[in-house]
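Novice: Structure for this input, please:
(one chain, ligands or ions: 1)
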Amino acid sequence: MTPAARVAAAIDILDEVLAGKPVEQALTGWARHSRFAGSKDRAAVRDHVFDAVRARRSLAALGGGETGRGLMLGACRRDGTDPDLLFSGVAYGPPALTPEERAAGRDPEPGAEALDIADWLWPAFRDSLGDSNEAAARALQTRAPVHLRVNLGKGGVDGAVAALAEEGIETRPHPAADTALEVVTGARRIRNSVAYRDGLVELQDAASQAVVAALPLTDGMRVLDYCAGGGGKTLAIGARAEVALFAHDALPHRMQDLPERAARAGLKVDILEPEDLEGAAPFDLVLCDVPCSGSGAWRRAPEGKWRLTPQALDEVIQTQAEILDRAATLVAPGGVLAYATCSVLARENGDQIAAFLARHSGWHNSWQHAWSVVAGTDGFFSAQLTRDPTPS
Ligand SMILES: C[S@@+](CC[C@H](N)C(=O)[O-])C[C@H]1O[C@@H](n2cnc3c(N)ncnc32)[C@H](O)[C@@H]1O
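Specialist: Residues are numbered from 1 along each chain as shown. This is a model prediction of the structure:
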């Protein structure tokens, strides 16, 4: 495909996305009907689409409209690319620009529009991030780096770097966690690499790894991952200490691949249904990696940025509080309730912890930390609440 044909494909896909189709579904549908597209074409079209969704507001302003054409025209103007090279009307490229399209478009308004944050969220975003609000919003407009977690149960970091290099995947250590590698080149080869298939490395953001690295884990503990999802953190916990490991999720189907992933990593995980929780408690440590706005991970999942509504945010904050209250009952005296979000919003982070402590006596906040998206990881927050040895 020519560069113009790739842009034409991205325009069609973006029109579907703007009409409400999930990005992955729109991309898959296009790929199914475009057998002529090679892997490089698919990757290029995917990059165009994700880039446009991340910067949807500012590109719509620059391109003069919130349409596939408007967004791709906005991207040309942002990048200093001559639009006539792509909107040439030749072969499979997009039709040439109309006079109206040439005349339309303006610089985005400074603030929420230029930084691609919804107006209703902007005050909370700005206040939550303080001085780094603009840098964080700019980081969220860009593509996320690819991070790997070295499974220390299978080998060391140096060995993993060397094994990956042999397969053309260049990596370097990431400072957020001792197990974290940042992929420099060859990211698209990871899933087919021997190191990945043998469980020596997993795909996981460095801040996610850091959340687990900070947990007070020691051999012999009983540990529950209460919101396990696909089990990324469950496996990271199991790699750090020899614990009795349990996983639970309100949507058990999300954990369907966990047994296979655990086996690949050389771990045993007991999956608990909601009705099993009481009987299996108490646990020395319960991790609640709660559902959240996802605002720290909007580089990876940019649709979430535009899908979030004030009501949805209120609802997820309510769910987080309910999860904390329920999970707290499962923690042994002297044990730890660890809380984590991939959110940058104070209401989901420090405010949520303060509200828990106001609702419950006999607990204290023993540790908390926020990882900034500006430092190259997802934006993450974690706190560890310690239960008094004698419950009050
Ligand atoms: C942020 S994701 C977890 C990601 C996972 N820990 C990982 O590292 O891959 C949040 C998970 O919480 C689950 N969840 C939502 N409401 C819940 C509830 N009330 N109790 C337990 N899990 C819940 C969701 O199904 C989702 O899988």
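Novice: C-alpha only now, for contacts and for neighbours.
Specialist: Will do.
Novice: Which strand or helix spans the nearest residue to Asp257 once chain neighbours are set aside?
Specialist: Distance criterion Cα to Cα, 6 or more residues apart in numbering; nearest residue to Asp257, sequence neighbours excluded, is Gly230 at 6.8 Å. According to DSSP states H and E, Gly230 maps onto no helix or strand at all.
Novice: what's the spacing between Gly230 and the ligand?
Specialist: For Gly230, the distance to the ligand equals 5 Å [Cα to the nearest ligand atom, to the nearest Å].
Novice: Same question for Ala96.
Specialist: Separation of Ala96 from the ligand (Cα to the nearest ligand atom) stands at 44 Å.
Novice: So that residue: helix, strand or coil?
Specialist: coil (DSSP: H, G, I helix; E, B strand; the rest coil).
Novice: Ile23 contacts Ala10, correct?
Specialist: For residue 23 the amino acid is Val, not Ile. No: Val23 is beyond contact range of Ala10, at 10.9 Å (criterion: Cα atoms under 8 Å).
Novice: ok, those two, which is more surrounded?
Specialist: Using other Cα atoms under 10 Å, the more surrounded residue of Val23 and Ala10 is Ala10, with 29 against 21.
Novice: Can you tell me which residues in the stretch 101-250 of the chain are near the ligand?
Specialist: Tyr226, Cys227, Ala228, Gly229, Gly230, Gly231, Gly232, Lys233, Asp249, Ala250 (Cα under 6 Å from any ligand atom).
Novice: Leu217: which of the residues you listed is nearest?
Specialist: Distance to Leu217 across these (Cα to Cα) is lowest for Lys233, with 13.0 Å.
Novice: Does that closest one belong to a helix, a strand or coil?
Specialist: helix.
Novice: Quickly note the distance from it to Leu148.
Specialist: 13 Å (Cα to Cα, to the nearest Å).
Novice: Between those two, which has more neighbouring residues?
Specialist: Set Lys233 next to Leu148 and count neighbours by other Cα under 10 Å: Leu148 wins out with 26 against 21.
Novice: Nearest to the ligand within the stretch 1-150 of the chain, name that residue for me.
Specialist: Closest contact between the stretch 1-150 of the chain and the ligand, by Cα to the nearest ligand atom, is at Arg149 (12.1 Å).
Novice: Can you list the buried residues in whatever helix or strand that residue lives in?
Specialist: Per DSSP H and E, Arg149 falls inside strand 147-150. Of all the residues in strand 147-150, those buried under the rule 16 or more other Cα atoms under 10 Å are His147, Leu148, Arg149, Val150.
Novice: Map the structural domains onto the sequence of this structure.
Specialist: Using automatic domain parsing, the domain parsing of the chain gives 3-108, 147-203, 207-387.
Novice: will you turn those domains into a markdown table that also has mean pLDDT?
Specialist: Output for these, formatted as a markdown table (pLDDT from 0 to 100):
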| stretch | mean pLDDT |
| --- | --- |
| domain 3-108 | 96 |
| domain 147-203 | 94 |
| domain 207-387 | 96 |
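Novice: and of these, who's closest to Arg126?
Specialist: domain 207-387 (9.1 Å).
Novice: what's the span of stretch 211-223, first residue to last?
Specialist: Stretch 211-223 has an end-to-end distance of 15 Å (Cα to Cα).
Novice: tell me how far it is from the chain's mean position?
Specialist: Put simply, stretch 211-223 sits 23 Å off its chain's centre (Cα atoms, centre = their mean, to the nearest Å).
Novice: What of stretch 66-84?
Specialist: 27 Å.
Novice: just checking, the residue nearest to Asp257 touches Leu258?
Specialist: Yes: in this structure, Gly230 is within contact of Leu258 by Cα under 8 Å, at 6.2 Å.
Novice: Show me which of the two is the more surrounded one.
Specialist: A side-by-side neighbour count of Gly230 and Leu258, using other Cα under 10 Å, places Leu258 first with 23 against 18.
Novice: Pick out the residue nearest the middle of this protein.
Specialist: Residue closest to the average C-alpha location in the chain (Cα atoms, centre = their mean): Ala297, at 3.7 Å.
Novice: contacting residues around the residue lying closest to that residue once chain neighbours are set aside?
Specialist: For Ala297, ignoring the flanking residues on the chain, the nearest one in space by Cα to Cα, 6+ apart is Asp378 at 5.2 Å. Contacts here follow Cα atoms under 8 Å, 6 or more residues apart in numbering; on that basis Asp378 touches Ala144, Asp205, Ala206, Ala207, Ser208, Gly296, Ala297, Cys342, Trp371, Ser372.
Novice: Please narrow the residues you listed to those residing in helices.
Specialist: The members of those that map onto helices under DSSP state H are Ala206, Ala207, Ser208.
Novice: For the ligand, what's its nearest residue on the stretch 251-392 of the chain.
Specialist: Nearest residue of the stretch 251-392 of the chain to the ligand, counting by Cα to the nearest ligand atom: Pro291, 4.0 Å away.
Novice: Next, count neighbours for that residue.
Specialist: Applying other Cα under 10 Å, we find 18 residues neighbouring Pro291.
Novice: try Pro108
Specialist: Count around Pro108 with other Cα under 10 Å applied: 18.
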